[in-house]
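A.B. asks: Using only what follows, build the 3D model:
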Amino acid sequence: MIKPSKVRKSAAKPPLGVKGPRKEDLSANKIRLLVADDHPTVLAGLVAIIDMMPDMMVVAEASNGFEAVELWHKHKPDVSLLDLRMPKMDGVGAIEEIHRHDSLARIIILTTYDTDNEIYRAVKAGAKGFLLKDARREELLECIRKVHCNELCIPQALMQKLAAAMSGEPLTTREISVLSLLARGMSNKEIGAKLFISETTVKGHLQHIYTKLHVLSRTEAIAAASRRGLISF
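C.D. replies: Numbers count the residues shown, from 1 in each chain. I've put the predicted structure just below:
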């Protein structure tokens, strides 16, 4: 086994009169990252993976969206890696706030959710990348490098869901409210009473919902809305 002292002695030295690279010179060539996640274990794991890379370094860590925005202003990272659902301000809200100051800021959303609506919201807000948390380490690192080069990084499977979300007309706030109550098993009469609208108006909203979601029944509407992340149970 080679002793550490021998390794240090055998290290090559720069020629006389030539200075070796300074620490700050080396870090200047790295991709500087802000990482935000409200789960401490996930955050620590992401930081550890990134800091192992010779071309990357984490300059700031945040546990919520509000803190992520504050740290972005302080450090101006090259790439920000944000969890989608965080307390105080979610990932989409953080993107929107950051983009008010720099529309070119490079941001990746990392999440456990892959519904059509989640992807659509993130990309519409200005995310350059969208990855699931079960993505392989190599996929994460490749995505960081792509986004740093100003490339869009969204896996093909998620691109298909994004296309599906963008192809249909978005539901109104009222239509989503009707859908949410529908998913709870309420009848048209009960929905009308809950929202203070007539049963006829409820039926009208349902017809618009069916058309926008390209479905024919209440059950199909609930299933489609759930897939897109428009409602939750």
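
A.B. asks: Please name the bridge partners of the residue nearest the centre of the chain.
C.D. replies: The residue lying closest to the centre of the chain (C-alpha atoms, centre = their mean) is residue 109, at 1.8 Å. Beta-bridge partners of residue 109, counted by DSSP bridges, are residue 82, residue 130.

A.B. asks: right, and it touches residue 129 too?
C.D. replies: Yes - with contact defined as C-beta atoms under 8 Å, residue 109 and residue 129 form a contacting pair (7.0 Å). Quick note: C-beta positions are derived from backbone N, CA and C, even for glycine.

A.B. asks: Run through this protein and note the low-pLDDT ranges.
C.D. replies: 1-27, 113-117, 156-168, 233 (pLDDT under 70).

A.B. asks: Give me the helices and strands touching the longest helix along it, please.
C.D. replies: Of all the segments of type helix in the chain, defined by DSSP state H, the longest one is helix 199-213. Under the contact criterion of 3 or more C-beta pairs under 8 Å, 6 or more residues apart in numbering; DSSP states H and E, helix 199-213 touches helix 173-183, helix 188-195, helix 218-227.

A.B. asks: Next, residue 96: secondary structure please.
C.D. replies: With DSSP: H, G, I helix; E, B strand; the rest coil as the basis, residue 96 sits in helix.

A.B. asks: about what we covered before: which residues touch the longest helix of the chain?
C.D. replies: Contact with helix 199-213 is made by 168-171, 174-175, 178-179, 182, 188-189, 191-192, 195, 216-218, 220-221, 224-225, as judged by C-beta atoms under 8 Å, 6 or more residues apart in numbering.

A.B. asks: next one: stretch 133-144
C.D. replies: 31, 33, 42, 46, 49-50, 53, 56, 79, 81, 108, 110-112, 129, 131, 153, 155.

A.B. asks: Need the buried ones from those selected in PyMOL.
C.D. replies: In PyMOL, selecting the buried portion of the contacts of stretch 133-144, with burial taken from 16 or more other C-beta atoms under 10 Å, looks like this:
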select buried, resi 31+33+46+49+50+56+79+81+108+110+111+129+131+153+155
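
A.B. asks: and residue 145, what does it touch?
C.D. replies: 31, 55.

A.B. asks: ok but residue 33 is inside a strand, no?
C.D. replies: Yes - assigned with three-state DSSP, residue 33 falls within a strand.

A.B. asks: Residue 59 is in contact with that one, correct?
C.D. replies: Yes - with contact defined as C-beta under 8 Å, residue 33 and residue 59 form a contacting pair (6.6 Å).

A.B. asks: Common neighbours of the two, please.
C.D. replies: Shared contacts of residue 33 and residue 59 (C-beta under 8 Å, 6+ apart): residue 77.

A.B. asks: Map the structural domains onto the sequence of this protein.
C.D. replies: Following automatic domain parsing, the chain resolves into domains at 28-166, 168-227.

A.B. asks: Buried deepest among the ones you listed, which one?
C.D. replies: domain 28-166 (a mean of 18; mean count of other C-beta atoms under 10 Å).
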